[in-house]
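In: Here you go, sequence then predicted model.
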Amino acid sequence: QVQLVESGGGLVQAGGSLRLSCAASGRTFSNYAMGWFRQAPGKEREYVARISRSGATTIYADSVKGRFTISRDNAKNTVYLQMNSLKPEDTAVYYCAAGPVGSAGPVGYNYWGQGTQVTVSS
């Protein structure tokens, strides 16, 4: 089992920045690819970004490319999502997820956090 706990969400004005963290415990963190997803009210869960087990490869959704950066620190068992130039449409609950290889869809992940709310005001 892998337990994931997100933090760092909050209320920010459009154009501002937030940094989300996801702390993992349980099995060896570096054995898992990590992903960030988000879900706005009334919408399906949406892929945001993912990072390989070593951190060498990162892939972003078009909607966040150039504004968000995913990174990980395997020594600290933590994955991050730096979000810059935030827009009201980025408002959602953000979830981190862990899986053996990761993917652009939820099916590639075995473990999920509880989520952290991000609200961007206009």
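Out: Done, it's in.

In: residues near residue 73, how many?
Out: Burial of residue 73 is recorded as 12 neighbouring residues (other C-beta atoms under 10 Å). For the C-beta atoms, the positions are set from N, CA and C on the backbone; glycine is no exception.

In: same deal with residue 3?
Out: For residue 3, the neighbour count with other C-beta under 10 Å is 13.

In: that's a helix at it, yeah?
Out: No. Counting by DSSP: H, G, I helix; E, B strand; the rest coil, one finds residue 3 to be strand, located in no helix.

In: contact partners of stretch 42-61?
Out: For stretch 42-61, the external contacting residues (C-beta atoms under 8 Å, 6 or more residues apart in numbering) are 30-40, 63-64, 68-72, 74, 79, 81, 92, 94-95, 102-106.

In: All the strands of the protein, in order from the start?
Out: According to DSSP state E, the chain carries its strands in the segments 2-7, 10-13, 18-26, 33-39, 46-51, 58-60, 68-73, 78-83, 92-99, 111-112, 116-121.

In: Dump those strands to JSON lines, plus mean pLDDT.
Out: Rendered in JSON lines, the data for those read as follows (pLDDT from 0 to 100):
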{"stretch": "strand 2-7", "mean pLDDT": "97"}
{"stretch": "strand 10-13", "mean pLDDT": "98"}
{"stretch": "strand 18-26", "mean pLDDT": "96"}
{"stretch": "strand 33-39", "mean pLDDT": "98"}
{"stretch": "strand 46-51", "mean pLDDT": "97"}
{"stretch": "strand 58-60", "mean pLDDT": "97"}
{"stretch": "strand 68-73", "mean pLDDT": "98"}
{"stretch": "strand 78-83", "mean pLDDT": "98"}
{"stretch": "strand 92-99", "mean pLDDT": "97"}
{"stretch": "strand 111-112", "mean pLDDT": "96"}
{"stretch": "strand 116-121", "mean pLDDT": "98"}
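
In: Great, nothing more from me.
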